[in-house]
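> sharing a model that was predicted from the sequence below.
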Amino acid sequence: MSWFRDVSAGHAGKFLVLVAAAFIVACGFRLRGVEGFPESMATTYIDTEDRYTIFYRELISALSIGGVELVDSAVDALAIIRIEKDKSGQDVLTVSARNVPTEYNVHYTVTYSVWMNGQEVLARHSVSLSQDYTYDSTLVLGKYREGESIREAIANDLVRQVSQELSRL
């Protein structure tokens, strides 16, 4: 009974959080977006030409959170993810009577394949997403940032799609 008195004497909140966390873990709850990757991807090399894209940065983050160790050489890897295309851009959709853009489309395309033990386990696969947004020439800086935010959100969605595909290997 003294243990209960100690808990209720100021640590009740911590105790309840600990109990709640234990129940959540026991039921198999995982944060959305955190994928479990197969053991065959325990050490993975990402083969890409451009290591500075939004998609690449978000993919390595998702893999790391999922327990995958990223290596610097294909020789040290159990799996190789080949990113063959990682392109984003935006196109003008509509213009005003004065030929000023009023609407843009932001698009992002990724083409990738996965290799394990010298065998292609996921053939070349492309995923693309796009989103439109309106443009106001009096709000140039804000609209530029909106376009960049949309590009980042699209890249995150693509990473979720690719992560789901990888988790099913």
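Looks like it arrived, so ask away. Numbering: from 1, shown residues only.
> what helix or strand does the nearest residue to T53 once chain neighbours are set aside sit in?
In space, and not counting its chain neighbours, T53 is closest to D86: 4.9 Å by Cβ to Cβ, 6 or more residues apart in numbering. Where you see a C-beta, it was placed from the backbone N, CA and C, and this is true even at glycine. Using DSSP states H and E, D86 maps to strand 79-95.
> for the next helix-or-strand element following that strand, which residues meet the burial criterion?
Moving toward the C-terminus from strand 79-95, the next helix or strand (DSSP H and E) is strand 101-116. Residues of strand 101-116 classed as buried: 101, 104, 106-110, 112-116 (neighbour count, 16 or more other Cβ atoms under 10 Å).
> model confidence over stretch 151-166, on average?
In this model, stretch 151-166 carries a mean pLDDT of 97.
> all the helices of the chain, residue numbers only.
Counting by DSSP state H, the chain has helices at residues 2-8, 12-26, 54-65, 140-167.
> chain center to the longest one, what's the gap?
Its chain's C-alpha centre and that of helix 140-167 lie 8 Å apart, by Cα atoms, centre = their mean, to the nearest Å.
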